[in-house]
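# Okay, predicted coordinates and the sequence, questions at the end:
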Amino acid sequence: MPSKNMEQRVNLEISNGIAYVSLNRPDKCNALDILMFHAIRKTIKRLKADRSIRTVIVTGNGDDFCSGLDVKSVMSSTKGPLELLLKLLPWRANLAQYVSTGWREIPAPVIVVIKGRCWGGGLQIALGGDFRISTPDASISIMESRWGLIPDMGGTLALKELLRLDKAKELAMTGEVITGLQALEYGLVTHVDDEPFERAIKLAEIISQQSPDSIAATKKLYNRSWWSKPGFALLRESFYQIKILIGKNRAIKTYNQINQDKKAREFINRKNW
């Protein structure tokens, strides 16, 4: 697979600890072809390994976030679907699922900016983020049923956390298109804003003022404990807190909090979470 072509599908820029990820197929409404699946996976793995990253903002170049699967491209041969769906271990994510679930594994908050169309696979990607900020008039849909398919890109993990079961079933079974305002009412998005990218930057800047270790630990704690047994949640709270207490970033944050009249100390790269 030509690496150059794959790189063109996703743009990545890093500035002041914020990683800006842009789906880059605007002439096709950022529809997902095989090259884009691979490019997203490569980007996620790079961000997971970079301990200097404080937050991630994911957008789509052009007028749309992502209109979903490029059905014509992916289904043009039997190799495409097999490449997306095959996996060695049934409980691990395949390529199609990883472009959603992989964002959950990055030890830094992921903020997804939604505008225009966010359909099918595009919504599955957005659901992998920790926060979703949408324009009021964005077009959002679990659209797989219109193609005789089911949502199979890992977004189910987030849907069960965000929606009532009946509402999730209704959206998935009908393929209904809703606006950003409706998505906010349902709980699918975190915020609605006329300038969602600027809102995302403000949120990223606020989070970046906190200890990167406490942020990474909070993300991991909540993702692993939200639906686990109470005992395991309590165990993780205690274990993660001990790990944070002996770290340098906790001391730096405490100093900055106490000495707000002095120049703030810079955080070091987070621990491996």
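Looks like it came in fine.
# Okay, and Leu47 sits in which element?
Leu47 is part of helix 34-49 when elements are defined by DSSP states H and E.
# Neighbours of the residue nearest to Trp147 when sequence neighbours are not counted, how many?
Take Trp147 and drop its neighbours on the chain: the residue closest to it by Cβ to Cβ, 6 or more residues apart in numbering is Val71, 6.5 Å away. The way it works is simple: take the backbone N, C-alpha and C, and place the C-beta from them, glycine included. If you count neighbours by other Cβ atoms under 10 Å, Val71 ends up with 16.
# shouldn't Val71 be in contact with Arg146?
No: Val71 is not in contact with Arg146 according to Cβ atoms under 8 Å; the separation is 10.4 Å.
# on that earlier part again, which is the succeeding secondary structure element to the helix holding Leu47?
Counting by DSSP H and E, the next helix or strand C-terminal to helix 34-49 is strand 55-60.
# residue ranges of the strands in the stretch 101-250 of the chain, please?
In the stretch 101-250 of the chain, the segments counted as strands under DSSP state E, counting those that start in this stretch are 110-114, 117-119, 131-134, 139-141, 178-179, 191-192.
# Nearest residue to Thr43 in space, please, no chain neighbours.
Distances taken as Cβ to Cβ, 6+ apart place Val10 nearest to Thr43, at 5.1 Å, with adjacent residues excluded.
# So which residue is smack in the middle of the protein?
Central residue of the chain (Cα atoms, centre = their mean): Gly129, 2.3 Å from the mean position.
# ok, and the closest non-adjacent residue to that residue?
Leaving out its chain neighbours, the residue that sits closest to Gly129 by Cβ to Cβ, 6+ apart is Val112, at 3.7 Å.
# Could you check how far that neighbour is from Leu203?
The spacing between Val112 and Leu203, counted by Cβ to Cβ, to the nearest Å, is 11 Å.
# Likewise for Gln241?
The gap separating Gln241 from Leu203 is 24 Å, by Cβ to Cβ.
# I am finished for the moment; much appreciated.
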